[in-house]
Each structure stands twice: as C-alpha cells, then as structure tokens.
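Next comes the sequence, and after it the predicted model I'd like to discuss.
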Amino acid sequence: MINLENLKNNCRKLIERYGKERIAICGVVILVIIVTLWIAQWSPTEDPSTELGLSIPVGQLVVPLELANSAALNGLVNRTAVVDLFTPGDKNPFVESLRILKLSNGDGTLFGALVPEKLAGQLQDAFSKSKLRAAIRATQAAPTQFHVHVKNKSTLLEVPIGE
C-alpha cells in the first residue's frame, strides 16, 4: 500500500530541490512522449491489399478507360465497380459487366478497365473514345462479355526476296 505521507514528503523535497517550473516542464515532456507513443501505436497502417497491384487478377491488365460521364461516376464509385459500356446511339452495350477501378489523378477522375491480357492491345483503341458512357451494374454481375469487333492487324509482314 502507498504511504501518502511519504509521497507528500518526497514531492516537497523535489519541489524544494528543483523548483516548480522544472518539475512542470519535465511532467509536460513526459506526458507528450507518452501521448505520442500511444498515438503511434494506434494509428492505422496501410492495408497492403489496397494497393492497385494486388487488385489485378492474374491474366488481366488495367487499360485506361475514357468516359464521357466520368464526373457523374466519380461520386458513385468508391474503388471498384461493374459497368456496361455504351457507344453513342447504341441501345445495347458493346461491353457488359466490365470490372473497373477508380484511379487517382490530380486533374480529374480516371478509370481503368480490367481486361484479359490477350485483348488489352485491341481494347485500348476502343476504350480511348471519349464518347463512351458507363452504366453501373450490381457487383455480383456475370462475367465480362465483349461485343467489340476489332480488325486483327497482322504484326508480321512477308517480303518476297525473289528466287
């Protein structure tokens, strides 16, 4: 048990020896150190699963997606969404259940689309049309369906060398 009389006597001796101001300053410094350590212990750390690289499934790439209604979608999409993409004048979407990611940018809202690696090159041209509009679907939507007709360009060129 603490002897209150001894505690009072020890406090009086400290005050006589060091002065009230020094003891008050030391007390404030100790309090600041304790509070700083407490805050550092309880501050949230960045969840590694929030990094973009961990959100991309194997076999998929993120392709930039320019949308005419990106400002409207900005308030509706926190991080990810499932959308249908429409071209002007078309009643049917040319991409259904497309998974998109909200990308940060200082100038405005940018979105990226998760697409199969094999189609990424072909879809970059289709997704760079600024007239595209997106409509949000339920996150439990069916797999992505592409109704994009892209001409295959040959990457090899045969040059006759003569015989």
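Received, thanks. Predicted model only: the values in this text are computed from it and were never measured.

where exactly do the strands run in the chain?
When assigned using DSSP state E, the strands of the chain occupy the ranges 60-65, 80-86, 95-103, 110-116, 133-137, 145-146.

Specify the stretch among those that is closest to residue 19.
Using C-beta to C-beta as the measure, strand 95-103 is the one of those that comes nearest residue 19, at 58.9 Å. Every C-beta, even on glycine, is put in place using the N, C-alpha and C of the backbone.

export that closest one as CSV, just CAs?
Written as CSV, here are the backbone C-alpha positions of strand 95-103 (Å, rounded to 0.1, in the frame of the first residue of the first chain):
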residue,chain,number,x,y,z
VAL,A,95,-19.1,-4.4,-73.2
GLU,A,96,-21.2,-6.0,-70.5
SER,A,97,-20.2,-6.5,-66.8
LEU,A,98,-16.9,-4.8,-67.2
ARG,A,99,-14.9,-4.5,-64.0
ILE,A,100,-13.4,-1.1,-63.5
LEU,A,101,-11.1,0.5,-61.0
LYS,A,102,-11.1,4.1,-59.9
LEU,A,103,-7.6,5.6,-60.5
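
was I right about residue 93 contacting residue 85?
Yes. Between residue 93 and residue 85 a contact is recorded at 5.6 Å, counting by C-beta atoms under 8 Å.

more crowded one of the two?
More neighbours surround residue 85 than the other of residue 93 and residue 85, with 24 against 20 (other C-beta atoms under 10 Å).

who touches the more buried one in this structure?
With contacts defined as C-beta atoms under 8 Å, 6 or more residues apart in numbering, residue 85 is in contact with 93-95, 98, 127, 132-134.
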